[in-house]
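Trainee: Sequence first, predicted model second:
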Amino acid sequence: MRTVRFPVYTLRPYERGIQETLGKYSRFVMPGLGFQIPFVHIIRVRDVREHTMDIEPQPVITKDNVEITVDGVMWVRPTGDEESIKRTFYNIDNWKRAVIQLAMTNLRQEFGELSLDESLVAREKIANNLQRILNNFAVEWGLTVSKVEIRLIDPPDDIKQAMHKQKTAEQERRSMKLLATGDFEAAEQQKLAIIQRAEGEREAVIQVAQGKAEAIRLVNEAAEKYFVGNAQALKQLEMIENALRDNTKVVITEHGISPTLLLGSLPISVVGEKPNGREISRQT
């Protein structure tokens, strides 16, 4: 606040004033050039810009009986209309000190209703509540509280150490969980690769066996067509042995050579007729 006693005065764009005549309010003064009668008139001027005001660090006790240190900052301005400017002069002696004391009192009350854990995550809630409460009182003083921010919530050192240990343990738990997940996924991928390789090998065995079975069928047809008697049987045996060498069972009966293939541990069988009409069974 400043007081103007000169006959000629000027108010800046961000200033509002009141004129008193012989100690009594007489009129509202807007920015610009003005005149007054010295000793009869006096001009009192307010700066209506936002005022940044610190809430000093102070100890508060939470609902769970933990003492923490908090501070904040708020932005307050005198409202620019005539009635509000009059209130800043006549309803309060020192509006800045009054707002700060009111903020400190209500700040302790807000934190007293919350536990420590709730306080650490409730900055915005506390700031909004504090702004609302301050505005309810400040309007009687011609003021507007534009914004309140909580800057610091500082627990005791032993609490901070315990919180740090808890955070470290949680991070280690998450790391171990991620590592275990990675190992499980790697094992699943390896299992899938083994299954796919086994399927490939199985398909290869089937194709080889089918090829050998087809070869025996062709040999059987060729032997019946181009060979007779013992020569036919011998040729069949020769071709069968050449076609099936590993894990193969060949059976020659009086019904001729008729190959049957079984995969896995079961043998592959071929049935044919020996020249003398007896059944011959051979395994290679």
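Mentor: Nice, thanks for sending it over.
Trainee: Span of stretch 73-86 from start to end?
Mentor: 26 Å (CA to CA, to the nearest Å).
Trainee: ditto for stretch 115-130
Mentor: Taking CA to CA as the measure, stretch 115-130 stretches 17 Å from start to finish.
Trainee: List the buried residues in stretch 141-153.
Mentor: Applying a neighbour-count criterion of 16 or more other CB atoms under 10 Å, one finds 141-145, 148-150, 153 buried in stretch 141-153. Any C-beta I mention is one placed from the backbone N, CA and C, and that applies to glycine too.
Trainee: In these, which has the lowest confidence score?
Mentor: Lowest pLDDT of those: residue 153, 89.
Trainee: Tell me which stretches of the stretch 1-150 of the chain form strands.
Mentor: 2-4, 8-11, 15-21, 24-29, 32-35, 41-47, 51-61, 67-78, 143-154 (DSSP state E, counting those that start in this stretch).
Trainee: Can you give the distance of the last one from its chain's centre?
Mentor: With CA atoms, centre = their mean, to the nearest Å as the basis, strand 143-154 stands 28 Å off its chain's centre.
Trainee: So for residue 127, which of the strands of the stretch 1-150 of the chain sits nearest?
Mentor: Across the strands of the stretch 1-150 of the chain, residue 127 has its closest neighbour in strand 143-154 (4.6 Å, CB to CB).
Trainee: Mind checking the strands of the stretch 1-150 of the chain for the one nearest to residue 109?
Mentor: Proximity to residue 109 (CB to CB) singles out strand 51-61 among the strands of the stretch 1-150 of the chain, at 8.8 Å.
Trainee: which strands and helices sit next to the closest one?
Mentor: On a contact count with 3 or more CB pairs under 8 Å, 6 or more residues apart in numbering; DSSP states H and E, strand 51-61 meets strand 67-78, helix 95-112.
Trainee: I'd like these as JSON lines, with mean neighbour count, mean pLDDT and distance to residue 89 appended.
Mentor: Output for the helices and strands packed on strand 51-61, formatted as JSON lines (neighbours: other CB atoms under 10 Å; pLDDT from 0 to 100; distance: least, CB to CB, whole Å):
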{"stretch": "strand 67-78", "mean neighbour count": "19", "mean pLDDT": "94", "distance to residue 89": "10"}
{"stretch": "helix 95-112", "mean neighbour count": "17", "mean pLDDT": "93", "distance to residue 89": "9"}
